[in-house]
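generate a structure from the sequence data that follows.
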Amino acid sequence: MVLATHITAEKNQQDFQRSNCFSNKNMAEVKIIIPGWTNADNMEAGSEEEKTSCTTTLIKDGDLVIVVDPGVLEDKNILIKALEKENLKIDDVTHVFITHSHIDHYRNVGMFPVLTKVLEYGGIWTGGIAEDWNEKFSEDISIIKTPGHNYDGLSFLVKTNEGLVAIVGDIWWKKDYPEDDPYASDMKKIKESRLKIAEMAEYIIPGHGAMFKIK
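Here you go, the predicted structure:
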């Protein structure tokens, strides 16, 4: 079990996000709009092809409308319809955040208008122009570097009415998994990143699974 002293039983997401958002409108809101998944933990050796789709998350913070990891989807209309359920259009999105540069997390970034700002490890891009990002992105949103799964890993820490939510990409794929990441660029660093997140956050949104609670 990964970080067994920190991980608790998963809290039902409906208890965390009633009526699709938090009650305190003055704080940022976080919602998984496309649940991620992977069959990697259920595969028998050589029996089937590994398949995966990342978790896509919506952050609303004042005038900021942020999609984290637009993913690799069989049909981009899946994301369009997920936004429509939140009364949003693609043009309403102000920023796209990318947790790391593995294509299953960012391939659909091109479906957003050219002036939509894209934040990744190297900067905040508007068209072909990049500027540096600050760790303190807004009053309720912070960005930290969390290498290990890949050298360019970022995690997004969001203050909400229910506590601090960390959107971490593949630092964890899902709750308690994987203990040893077969795709990690540096297992020592991924363990350090996990400990850092566990000390800071109350909830984690992993790269390919449901949100879970930590102590």
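
would you point out which residue is most central in this protein?
Nearest residue to the geometric centre of the chain (C-alpha atoms, centre = their mean): Ile167, 3.9 Å.

who's in contact with it?
With contact set as C-beta atoms under 8 Å, 6 or more residues apart in numbering, Ile167 has these partners: 30, 57, 59, 68, 97, 99, 155-158, 205. The C-beta positions use only the backbone N, C-alpha and C, and glycine is treated the same way.

would you check which pair of the residues you listed lies furthest apart?
Maximum pairwise distance among those (C-beta to C-beta): 14.0 Å, between Val30 and Thr99.

picking that back up, can you lay out the contacts of Ile167 as CSV showing neighbour count and pLDDT?
Output for these, formatted as CSV (neighbours: other C-beta atoms under 10 Å; pLDDT from 0 to 100):
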residue, neighbour count, pLDDT
Val30, 29, 98
Thr57, 23, 98
Ile59, 24, 98
Val68, 27, 98
Phe97, 25, 98
Thr99, 29, 98
Ser155, 23, 98
Phe156, 25, 98
Leu157, 19, 98
Val158, 27, 98
Ile205, 29, 98
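
tell me the one of those residues nearest Ala184?
Of all these, the one with the least separation from Ala184 (C-beta to C-beta) is Thr99, at 14.3 Å.

what's near enough to touch that closest one?
If you count contacts by C-beta under 8 Å, 6+ apart, Thr99 has them with 68-69, 105, 153-156, 167-170, 207.

my read: Tyr203 touches Val168, true?
No: Tyr203 is beyond contact range of Val168, at 10.5 Å (criterion: C-beta atoms under 8 Å).

neighbour count for these two, which is higher?
Neighbour count, other C-beta atoms under 10 Å: between Tyr203 and Val168, Val168 has more, with 27 against 21.

one step back: which one of the contacts of Ile167 is nearest to Ile197?
Using C-beta to C-beta, Ser155 is the member of the contacts of Ile167 that lies nearest Ile197, at 6.1 Å.

so the closest one, which state does it fall into?
Judged by DSSP: H, G, I helix; E, B strand; the rest coil, the three-state class of Ser155 is strand.

pLDDT on stretch 197-204, on average?
Throughout stretch 197-204, pLDDT has a mean value of 97.

what about it, how long is it end to end?
8 Å (C-alpha to C-alpha, to the nearest Å).

stretch 194-209 too?
For stretch 194-209, the first-to-last residue distance is 16 Å (C-alpha to C-alpha).

got it, and stretch 113-130?
One end of stretch 113-130 sits 16 Å from the other (C-alpha to C-alpha).

going along the chain, name the helices of this protein.
Per DSSP state H, the chain carries helices over the ranges 13-16, 77-84, 103-106, 187-200.

from Gly127, how far off is Tyr183?
Relative to Gly127, Tyr183 is positioned 31 Å away (C-beta to C-beta, to the nearest Å).

and if you look at Lys191?
Taken as C-beta to C-beta, the span from Lys191 to Gly127 is 38 Å.

before we move on, what about Asn134?
According to C-beta to C-beta, Asn134 and Gly127 sit 20 Å apart.

cool, Asp180 as well?
On the measure of C-beta to C-beta, Asp180 and Gly127 end up 40 Å apart.
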